[in-house]
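Colleague: I need the structure of the sequence given here:
(chains A and B)
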Amino acid sequence: MYLRFEVLRTLRNRRFLVFSLAFPLVLFFAVAGPNRNARIEGVPFPLYYMTGMAAWGTMVAVVSSGARIAAERSVGWTRQMRITPLTTRAYFSAKVLCGYLMALFTIVAMCAAGTALGVRLSAEEWLTMIGLLLVGLIPFAVLGVLLGHLLRVDSLGPALGGVTSVLALVGGAYGPLATSGVFLTVVKCLPSFWLVQAGRSAFEPGGWPPAESWIVIAAWTTILVWVAARVYRRDTLRV
Amino acid sequence: MGMVATGDQRVGIRLSKLTKSYGEVRAVGGIDVEIAAGETVALLGPNGAGKTTTIDMVLGLTRPDAGTVSVFGSTPARAVKQGAVGGMLQTGSLVQFLSVRELIVMMASLYPRPLAVDDVLRLTGVADFADRPTTKLSGGQTQRVRFAVALVANPDLLVLDEPTAALDVEGRREFWAAMRAVAAEGKTVLFATHYLEEADAYSDRVILMARGRIVADGPPNEIKARVGGRTIRATLPDVDLSLLLKMPGVTMADRRGDVVTISCHDSDASDTALRELLVRFAEARHIEVRGAGLEEAFVELTADENGSPNQPGQVR
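Modeller: Here you go, the predicted structure:
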C-alpha cells in the first residue's frame, strides 16, 4: 500500500522520468539510429549501445530513487515518518524497490527500442542480461540512499547528474573508454563497469567473470551499506 | 479502547529525571512529569523553554542524555511502532506529488486501526481542498493537513507541537473544535503552545516550562492566576504611589519619570483598577493596559524559585 504511493509519486515526478527514461532513449536513437548497420567490437552497434544506455538509465533510476530521501529530509518529512509504525528498514526498502521498478521500466523501454533498431537476442540472452543488470544495480541502490542523507536538496540535481554521468562514462556505458592498462584495472574496480558488463555479458563471451564481478559488487555494497548506516545514525542523533 | 496492552494502562506518559543538552545549552534540565491516560495537557512556555525538545523525546525522535521516557508503560519507540502515537511536529511541510487525500490515505495505511479518511478530512476542514496537490496549499491549509496526518492514525496519544502556529483566528477556532471532538474520545493529548489563552481554554492541566525546567504545574485557572497578570501604564506626574497602591485590584505600583506602572493580578482586577484610576486621576494621559506577558511571568516565577530576583545584565 505504502509502496503504491511511493511509485505513484515517482511516476508523477517528470524530472525523474526524463533522466531515467527519456534521456537514454533519445540518446540511443540519436546515436544508434544512424549507425544501425555498423559493428563495434564485433557486435551490432545498436545491441552494444542498447546495453550501455540500459546500464546508464537503470543506474539513474535506482540512485535517484534513494536520493529523493534528501528532499523528504529537507522538509522534515522523514521525522514525520519516524513517528509512524513504518520501520526505517521498510522506509528504505520502499525507496529501493521503487527504484528497481523504475529500472525495470527503463530496461523494458530500452529492449523495445533495441528491437526496433534490429537487435535480436535469444530468450536466454535477454534474461541473462536483465538478471545480471538487476544484480549490478545493488550497490547503486545503496548509493542512492547514502546520497539521500549526504546531499542537500539544492545540490541534489547537479550532484546526481554528475555522479551518475561520470560513473556511466568511466564504466563504459557510452562506449569503450579503457581497453587495457592501468586505467582498465582501476575501472574494473568500479561497480559501474560491472553494471555495463552485466548488459554486455549476454553477447560477450567471458564478459562476466564470476569471481571478479561478484566480488566488486559485494565489496561496494558492503562498504556503502556501512557508510550509509553511519551517516543515517549521525543524521538522526543530531536532530 | 485500543490501548497498548503493556505496563500500567492508567499512566499515559511518565518522564523521570529527563535531561537533554545541546552543547553548552541545557535544553531540558531533569524534569519529572506524569500524565494520566485520557488527560489533555498543555506544555506552556516561551521560545527556548524546552517544549519541543521534551516533545521530541516523548516521540522518540531525540534521545535523552539522562532520565527515561515511558509512553503507556513502554518505550516511545515501541509505542510508535504499535501505532499508539500520532504527532504533529513543529516544523515540516508535506511530501510532493500527491493530492491531500492521497497523502492521508497513504498515512492511514501505515497504522493498525486508522480513522476513516473521509471523516478525518471533514473533521479537520480539509475536505474542500482534498484533491489539490500537497504543494499548492496555503500555510493554514498545510497546517490542517498536518493535523489530519496526526489524527488519521487514531492514536491513543496525540502529541502536537505548537499546532496553531500558522493559523488565523478562524483556523484556530476550527482547529480546537476538531481537537475537542477528538479529546472527548478518551485520548491522551499533549500539546505545546506559547499562548496562555490556548492552554487555559483547551487543557485539563497546564505544565509551565522555562529554561528547561518545570516552573508550575496545575489546573489552567491556577496557572492563569499566576502568570496572567496585567499592567496599566499612564502618564501621571506628581502622584503619590501609595495612593495608587490603595486602589482596588492593584498589587504593585512603580514610577519612572512621569510614567506610572500599576500591576494587577488578572484582567478583572485591572478593569476595576482602571475605572478607579480614571475617576480619581482625571489628568492621567496615554493610558495603556497590557498583559504582563509570559516571558516576564516566567522570569518572575523562576526568580521566586531561586529565592533571588533575576537581574539581567548583571555579572555575578
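Colleague: Identify the residue spatially nearest to the closest residue to chain B within chain A, adjacent ones excluded.
Modeller: In chain A, the residue that lies nearest chain B is A:Gly76 (2.7 Å; CB to the nearest CB). Glycine gets a C-beta too; all of them are placed from N, C-alpha and C. Leaving aside its sequence neighbours, A:Gly76 sits nearest to B:Gly92 (CB to CB, 6 or more residues apart in numbering or on different chains; 2.7 Å).
Colleague: Just say helix, strand or coil for that neighbour.
Modeller: coil (DSSP: H, G, I helix; E, B strand; the rest coil).
Colleague: Near it, how many other residues are there?
Modeller: By the criterion of other CB atoms under 10 Å in any protein chain shown, B:Gly92 has 19 neighbours.
Colleague: Return the residues in contact with it.
Modeller: For B:Gly92, the contacting residues are A:75-77, A:79-80, B:146, by CB atoms under 8 Å, 6 or more residues apart in numbering or on different chains.
Colleague: cool, A:Thr236 as well?
Modeller: A:Thr236 touches A:Arg82, counting by CB under 8 Å, 6+ apart.
Colleague: got the buried residues for the helix or strand harbouring it?
Modeller: Element membership for A:Thr236 (DSSP states H and E) is helix A:210-238. Residues of helix A:210-238 classed as buried: A:213, A:216-217, A:220-221, A:224, A:228, A:231-232, A:236 (neighbour count, 16 or more other CB atoms under 10 Å in any protein chain shown).
Colleague: Pull out the buried members of the contacts of B:Gly92.
Modeller: A:75-77, A:79-80, B:146.
Colleague: Residue nearest the middle of the chain, spatially speaking?
Modeller: With no chain named, the answer covers chain A. What sits nearest the mean C-alpha location of chain A, by CA atoms, centre = their mean, is A:Met59, with 1.3 Å.
Colleague: nope, chain B
Modeller: B:Thr193 (2.2 Å).
Colleague: That residue reaches B:Pro46, doesn't it?
Modeller: No. Counting by CB atoms under 8 Å, B:Thr193 does not reach B:Pro46; the two are 10.7 Å apart.
Colleague: For the stretch 101-250 of chain B, which residues score under the pLDDT cut-off?
Modeller: Within the stretch 101-250 of chain B, the segments meeting pLDDT under 70 span B:183-184.
Colleague: And the worst-scoring helix or strand of chain A on mean pLDDT, how far out from the chain middle?
Modeller: Within chain A, confidence by mean pLDDT, DSSP states H and E is lowest for helix A:181-187 among all helices and strands, at a mean of 83. Offset of helix A:181-187 from its chain centre (CA atoms, centre = their mean, to the nearest Å): 22 Å.
Colleague: same check, this time on stretch B:114-125
Modeller: Distance, centroid of stretch B:114-125 to centroid of chain: 24 Å (CA atoms, centre = their mean).
Colleague: what does stretch B:235-242 give?
Modeller: For stretch B:235-242, the distance to the chain centre is 38 Å (CA atoms, centre = their mean).
Colleague: What separation do you get for B:Pro112 and B:Ala77?
Modeller: As judged by CB to CB, to the nearest Å, B:Pro112 and B:Ala77 stand 16 Å apart.
Colleague: Pick out whichever of the two has more residues nearby.
Modeller: More neighbours surround B:Ala77 than the other of B:Pro112 and B:Ala77, with 15 against 11 (other CB under 10 Å).
Colleague: Report the outermost residue of chain B with respect to its centre.
Modeller: Of all residues in chain B, B:Asp238 has its C-alpha farthest from the mean position, at 42.0 Å, by CA atoms, centre = their mean.
Colleague: and that residue, which of the three is it?
Modeller: coil.
Colleague: Kindly report the residues of chain A close to chain B.
Modeller: Residues of chain A lying close to chain B by CB under 8 Å from any CB of the partner chain are A:1-2, A:5, A:8-10, A:12-13, A:71-72, A:75-77, A:79-80, A:82-87, A:237, A:239.
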